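# mind folding the following:
(2 chains)
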Number of protein chains: 2
Amino acid sequence: MQYHFADRMTCAPPSFLGKLFAVSSNPDIISFAGGLPNSSFIDAAGIRDAAIRVFEEEGSVALQYSTTDGYLPLREFISRRYQKRLGLSIPPNQIQIVNGSQQCLDLVAKIFLNKGDPIAMERPGYLGAIEAFSLYEPEFRDVALGPEGPDLTEFGNVIRDFRPKFFYGIPNSQNPSGQTYSDNTRKAIAEILEGTDTIFYEDDAFGELFFDGKPRMPIARLIPDRCILSGSFSKVVAPGMRIGWICSPPEILARFNCAKQAADLHSNFLCQKILARYLESHDLDAHTRTISEAYGRNCHLMCDILDDRFPEGMSHTTPVGGMFMLATLPEGLDSMRLFEEGIKGKVAVLPGTPFYVTGGGQSTIRLNFSSMDEARIIEGMERLAKVVRALL
Amino acid sequence: MQYHFADRMTCAPPSFLGKLFAVSSNPDIISFAGGLPNSSFIDAAGIRDAAIRVFEEEGSVALQYSTTDGYLPLREFISRRYQKRLGLSIPPNQIQIVNGSQQCLDLVAKIFLNKGDPIAMERPGYLGAIEAFSLYEPEFRDVALGPEGPDLTEFGNVIRDFRPKFFYGIPNSQNPSGQTYSDNTRKAIAEILEGTDTIFYEDDAFGELFFDGKPRMPIARLIPDRCILSGSFSKVVAPGMRIGWICSPPEILARFNCAKQAADLHSNFLCQKILARYLESHDLDAHTRTISEAYGRNCHLMCDILDDRFPEGMSHTTPVGGMFMLATLPEGLDSMRLFEEGIKGKVAVLPGTPFYVTGGGQSTIRLNFSSMDEARIIEGMERLAKVVRALL
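Numbers count the residues shown, from 1 in each chain, chains lettered A, B, ... in the order given. Got it, this is the predicted structure:
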């Protein structure tokens, strides 16, 4: 029988992802292509203890249906933490729990986008966002991302001429580039958006992972009425529980809640309770400090190797936080070719092209530095350097 | 600032749902309006033991990111159970784990529906499906549902003239009506669909809850290449873990998987592992027998009270399984009026109107018989009879 899929499904994922998956499950290959937080910082014992207490004290409640907005004590924790870390006043009723911040991407697109609507994002931009947004068939524009954040001239032009419904960005340690917006860029963006109809969709998946431990000012503090802010426990507690959140003005959140209810009623209630219990008895600040210091060491190591051991013409971003950096290959070297040859040399990188929603990026690769220890980074980067040298 | 939402959001939920929620959290009111499985059949101790084993043996794996399709041993369990219970041969790679079967509704609509596409369902139909499908702005038709299933003449006409992309139905103990399709209706539906381009979307949330313990033949066995079959652990193990699944031909499942990945990467991995561990060490058949026998007693009790203690002109469906029945009020009595007066009399019912996607149903109410014990059913139904009598 012939199946008649929706037009949106023409964006089906390229078979390349299947190849990538095969690569990352092969233990002989050192992969910088993935995006996992380091498993050694997942506090399985602490989470187990929290789980046991939930089962003992309220097991059958935690296993029953619950409300769409999410477990209130968890939303209260998020609210208090915003106040304390970032000086952000977001009451719990402006916070909605979701299945990791990836679900925000789907549902924000769902509540805002008609087919053909304009949206904008960074160049390069987060692949998961491109995939989620694409299914709503918008028109994309992108704005070059540099060491200070989006190019402000280009940003201003896109907002004025294209009038996107939202601009999607990751101001803190962006995926894939590792770039962080400067304070001046944040202020300029807020000023440019004032008086327009464009929302800033601020994805803050990595804001707790600055190597220096210092938080940066969220754009949501500057323009709260035109900002959607999403966060996640995936990078600082555990991704396997799939728990993130969204904050937005009430009028937006009401629509979001409606879309969330239609999508899956509510997020896993058992894990919301376990997580809330875990957070009330553990020092998340100390935990994120441990993680970000380790990621910082890995990142500096990787930068040093790129600078010292690779052929001339290889350049890279210099992240101050997060899990990724973007490297640009010497002229004439194509990232897909490097991927193919890398596999033969037992090292995997992620070609940058899928991160460029309007095309380009053939000479870029994304490198992950969070998921492995220093010895493996050294070994993997040496393999990579060898492959690059052989290709030149 | 003015927010410009997508056209699909004009279907925002009526404020009635807020009122309903307030009602169901008031312990003085006996509510037949909800749809919870009975908490006393949630085996919190068994699930806790399974959780402890998961944490002990593979905690940090269970808490890490995982694959979109879902935990293989869980999909293998579902596959084996289909073979054993229903004679259905569905390999694990044709099964995808989702966040409760509600997520199937969203994602099936997403992969099939362009704005304005035709779909059809039962009249009355499942509210959660109406809400999920509506966000993709389809054209709806519905087919009257009776004690044998959908009216076959009407069904044939709708399939031929309207050519829906799919027909969505709940053949086993439907929500809200409690009706179950006869074997003859299932065969006739399969015959009518042969040679058309319409898919049958078979939602089997209640197939384990027949009071006589006997499974019914799934339509998916008759027309596997044009059937999407969804199931859920919410009614037989625990809804709070939000774990369900979908089975479909591979070509459909590939698109579904793409949409699932964009929606939230994957379902809660920790709970998938806990559930798989729980199922391998517990007798699910014995457990579902206990649940369905209890629900059967509740259902018969409710039917008896409706027959004996209510004014003439009150009628009701006679479920052979599931959690709901539909009652029709004596002429001239409006269900919304009964809802309002019921609250004053400390009993809540769910007006049937939202289940009628093309309008109607003003004289119907949905009654839930799963969530409470017999004493509370008796007390609640007596309150309801009093309110009905007073209104006539």
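
# tell me the spacing between the closest residue to A:Ile199 other than its chain neighbours and A:Leu193.
With C-beta to C-beta, 6 or more residues apart in numbering or on different chains as the criterion, A:Ile199 has its nearest non-adjacent residue at 4.2 Å, and that residue is A:Phe166. Heads up, the C-betas are built off the backbone N, CA and C, glycines and all. Using C-beta to C-beta, to the nearest Å, A:Phe166 is found at 10 Å from A:Leu193.

# which residues are in contact with each of the two?
Counting by C-beta atoms under 8 Å, 6 or more residues apart in numbering or on different chains, the common neighbours of A:Phe166 and A:Leu193 are A:Phe200.

# can you map out the strands along the stretch 101-250 of chain A?
When secondary structure is read from DSSP state E, counting those that start in this stretch, the stretch 101-250 of chain A shows strands at A:118-123, A:139-146, A:149-150, A:166-169, A:199-203, A:227-232, A:244-247.

# A:Tyr295 contacts A:Phe324, doesn't it?
No - contact criterion C-beta atoms under 8 Å: A:Tyr295 and A:Phe324 do not qualify, at 10.1 Å.

# overlap of the contact sets of those two?
Listed contacts common to A:Tyr295 and A:Phe324 are A:369-370; contacts here mean C-beta under 8 Å, 6+ apart.

# for chain A, longest helix please?
With secondary structure taken from DSSP state H, chain A has its longest helix at helix A:284-309.

# count of residues packed around the closest residue in space to A:Thr358 that isn't next to it in sequence?
The shortest distance from A:Thr358 to any residue that is not its chain neighbour, by C-beta to C-beta, 6+ apart, is 5.3 Å, and that residue is A:Asp142. Counted with other C-beta atoms under 10 Å in any protein chain shown, the burial measure for A:Asp142 works out to 24 neighbours.

# got a list of what A:Asp142 touches?
Contacts were defined as C-beta under 8 Å, 6+ apart; by that measure A:Asp142 touches A:120-123, A:125, A:356-358.

# what sits opposite it in the beta ladder?
Per DSSP bridges, residues listed as beta-bridge partners of A:Asp142: A:Met121.

# isn't A:Arg8 right next to A:Glu137, touching?
Yes - A:Arg8 lies in contact with A:Glu137 (C-beta under 8 Å); the separation is 5.5 Å.

# higher neighbour count, these two?
For the pair A:Arg8 and A:Glu137, the greater number of neighbours falls to A:Arg8 (21 against 18), based on other C-beta under 10 Å.

# distance of the more buried one from chain B?
7 Å (C-beta to the nearest C-beta, to the nearest Å).

# nearest residue to A:Phe133 other than its sequence neighbours?
For A:Phe133, the nearest residue in space outside its immediate sequence neighbours is A:Ala109; the separation is 4.9 Å by C-beta to C-beta, 6+ apart.

# residues touching that neighbour, list them.
Taking C-beta under 8 Å, 6+ apart as the criterion, A:Ala109 is in contact with A:119, A:132-133, A:135-136, A:138.

# pLDDT value on A:Ala188, please?
At A:Ala188 the predicted local distance difference test score is 98.

# over to A:Lys19?
What the model reports for A:Lys19 is a pLDDT of 72.

# helices of the stretch 151-300 of chain A, residue ranges please.
With DSSP state H, counting those that start in this stretch applied, the stretch 151-300 of chain A shows helices at A:152-157, A:183-193, A:219-222, A:250-264, A:269-280, A:284-309, listed in chain order.

# do the shortest one and chain B meet?
No - when contact is scored as C-beta under 8 Å from any C-beta of the partner chain, no part of helix A:219-222 falls within range of chain B; the minimum is 13.6 Å.

# below-threshold pLDDT in chain A: ranges please.
Low-confidence segments of chain A, defined by pLDDT under 70: A:11-18.

# domains of it: list them as residue ranges, please.
Under the assignment automatic domain parsing, the domains of chain A span A:13-42+A:285-391, A:44-280.

# pick the most deeply packed of those.
Mean neighbour counts were taken over the domains of chain A using mean count of other C-beta atoms under 10 Å in any protein chain shown, and the top value, a mean of 21, falls to domain A:44-280.
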